[in-house]
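# requesting a structural model of the entry that follows:
(one chain, ligands or ions: 1)
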Amino acid sequence: MKKTIVLSLLTALLLSNVYGNEHQNPAEIMQSTLDKMKAIATQNNQNSTESNTTSDVFDYKLKATKVSDNVWCFLGALEGPSKENAGNMVNTCYVKTTDSYVVVDSGPSYQYAKQAYAVMSAIKKLPATTVISTHEHDDHWLGNSFYKDEFKAEIIGPKYINDNYKEGDKTRMFNTLPANAIKGTKIIPVDKIPTEVLTLSIGGEEFEIVPVGTKAHTDEDFFVYMPKRKVLFSGDLAMNGRITSNRHGSLLGQLKAIKMMKAKDYEVFVPGHGLDTSKTGMDDAEKYFTLLHERIIQALEDDTEMTELSEVIPMNEFQDRAMFKALNGQNVQEAFTELEFSEE
Ligand SMILES: [Zn+2]
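Numbering: from 1, shown residues only. This is a model prediction of the structure:
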C-alpha cells in the first residue's frame, strides 16, 4: 500500500520535473525529484504530529478488531507510552451483551476511553456498565472515570489501585501523555475487589475473573476467561511481539499464572500488549519465562556473578521482539535476584 503511494508520488514528481525543467539532465531531474519527495515527507510528518499535539483533543485513531463473536479489541502499538502514541500501546476490549458492554481494561486516559466508546457505539449503541481492570498499571485503567461519569459503571479491579493511587497523583501516564490526551482524566477507586474467582453472568455472556493470588506481573493480577466463547484475556500476565517488563513482578508468579491460564480451554487469546490473538498467542511468554527460569537456576548452580549475567543469559531467541534492548537485561537481573533468595 505504502509502496504504491510512494511509487505514484515518484512518477508524478518525475513527470512534472521532466516537463517543467527542459534544461536539466536525467540525473539532475532525479535528484530534484527526490529532494521534493523528502520535503513532502517531512512536511507530512510535521503536520500529523503538530495537529495531534496542538489540537483540542488528541485523536487516538482507534480501530476495533473483532476477535470473537461479541468481542472487539483495540490493539495498541508494540512500544512504551510516549507523547506520540499518547498511551495507545495497550490492548483494551469490549464484550457486547444483550443490553450492555463489559469493558476489559479501559486504557491510558479519559479521552482514549471516550473515543473507544464512540467506535463501539457505531457498532451498537449500548451502555458500558461493567469495567474490569486487570492490574494496577495505569496504562490499563485511567479510562475508568469515563465509564463512571457516563454510565455509573461498576469498576472491578485489584485493591492496589485503591491503595496506591489517589486523585491528583501524577502517575506515569500523566507525566508522559500530551496535555490534549490526558486532559479530563481522573483517578477513581475500584468498586469491587475480587479475592477469589468471581463468576459473572451479564446479558447472556459468562465471565470468570481469576486472581493469580500471588505477585506475578504486579502484586495482584486478574485474567478474564469467557467459558462459552472460549476467550481468554491475560492482561499483562502475557504479551507477544514485545518483551514484558517484570519490574514490579515475579518470575515464579508469572510461571504460576501462565500455568493457570493454560489450564483453561480457550480458542482466542488476548494479551495485555501484542497483536497476536490466536490460540498460540501465549507461547512466546511461556517460552520466555520458562527459559529464563531454567537458565537462572543453572547460573545459580554455576555460581555466576551478577556482572556476568548478560553474557551467560543473553536470551538471544527474543532479540527481535520489540523493547528487547530496553527491558530484557533488567528482567534477567531481577529474576536472578528473586531466585537467589527464594526457597525453591
Ligand atoms: Zn501494561
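# can you tell if the helix or strand hosting Cys93 touches the ion?
Using DSSP states H and E, the element containing Cys93 is strand 92-96. No. Strand 92-96 lies apart from the ion when judged by C-beta under 5 Å from the ion; the minimum separation is 10.5 Å. From N, CA and C alone the C-beta is placed, and that goes for glycine too.
# now do that strand: distance to the chain's middle.
Mean-position distance between strand 92-96 and its chain equals 14 Å (C-alpha atoms, centre = their mean, to the nearest Å).
# low-confidence ranges in the stretch 101-250 of the chain?
Along the stretch 101-250 of the chain, the model assigns pLDDT under 70 to no residue.
# enumerate the residues of it near the ion.
His137, Asp236.
# and the strands in the stretch 101-250 of the chain, which stretches?
Using DSSP state E, counting those that start in this stretch, the strands found in the stretch 101-250 of the chain span residues 101-104, 128-132, 154-156, 198-202, 205-211, 222-226, 231-239.
# of the ones you listed, which stretch is the most buried?
When the strands of the stretch 101-250 of the chain are scored by mean count of other C-beta atoms under 10 Å, the highest mean neighbour count falls to strand 231-239 (a mean of 29).
# can I assume Asp284 sits in a helix?
Yes. According to DSSP: H, G, I helix; E, B strand; the rest coil, Asp284 belongs to a helix.
# how about the contacts made by it?
Contact analysis of Asp284 by C-beta atoms under 8 Å, 6 or more residues apart in numbering lists Ala238, Met239, Asn240, Gly241, Gly274, Asp276, Phe318, Arg321.
# next one: phi and psi at the fourth one?
The reference is to Gly241. Dihedral pair for Gly241: phi 80, psi -10, per degrees, to the nearest 10.
# that one contacts Asp276, doesn't it?
Yes. Using C-beta atoms under 8 Å, Gly241 makes contact with Asp276 at a distance of 6.4 Å.
# now Tyr117. Nearest residue, chain neighbours left out?
Spatial nearest neighbour of Tyr117, excluding adjacent residues (C-beta to C-beta, 6 or more residues apart in numbering): Ala128 at 6.1 Å.
# tell me where the stretch 51-200 of the chain has helices.
110-123, 144-151, 159-164, 172-176, 179-182 (DSSP state H, counting those that start in this stretch).
# and the contacts of Asp284, which is closest to Ile187?
Nearest to Ile187 among the contacts of Asp284, counting by C-beta to C-beta, is Met239 at 24.6 Å.
# what's the neighbour count on Thr305?
One thing to correct before we go on: residue 305 is Glu, not Thr. A total of 9 residues lie near Glu305 under the criterion other C-beta atoms under 10 Å.
# just Pro127 next, same as before
Pro127 has 14 neighbours, counted by other C-beta under 10 Å.
# with adjacent residues omitted, what lies nearest to it?
Using C-beta to C-beta, 6+ apart and skipping residues adjacent in sequence, the residue nearest Pro127 is Phe151, 4.5 Å away.
# next up, the contacts around that neighbour.
With contacts defined as C-beta under 8 Å, 6+ apart, Phe151 is in contact with Pro127, Ala128, Thr129.
# quick check, the first one in contact with Tyr101.
Yes. Contact criterion C-beta under 8 Å: Pro127 and Tyr101 qualify, at 7.1 Å.
# circling back to that earlier point, most neighbours among the contacts of Asp284, please name it.
Going by other C-beta under 10 Å, Ala238 tops the contacts of Asp284 with 30 neighbours.
# out of everything not next to it in sequence, what's closest to that one?
Nearest residue to Ala238, sequence neighbours excluded (C-beta to C-beta, 6+ apart): Ala285, at 3.8 Å.
# hang on, that neighbour packs against Arg242?
No. Counting by C-beta under 8 Å, Ala285 does not reach Arg242; the two are 10.3 Å apart.
# tally of neighbours for Asn85?
Here the count is done by other C-beta under 10 Å, and Asn85 has 19 residues near it.
# check contacts around the residue nearest to it when sequence neighbours are not counted.
Nearest non-adjacent residue to Asn85, counting by C-beta to C-beta, 6+ apart: Ala77, 5.2 Å away. With contacts defined as C-beta under 8 Å, 6+ apart, Ala77 is in contact with Asn85, Asn88, Met89.
# many thanks, have a good one.
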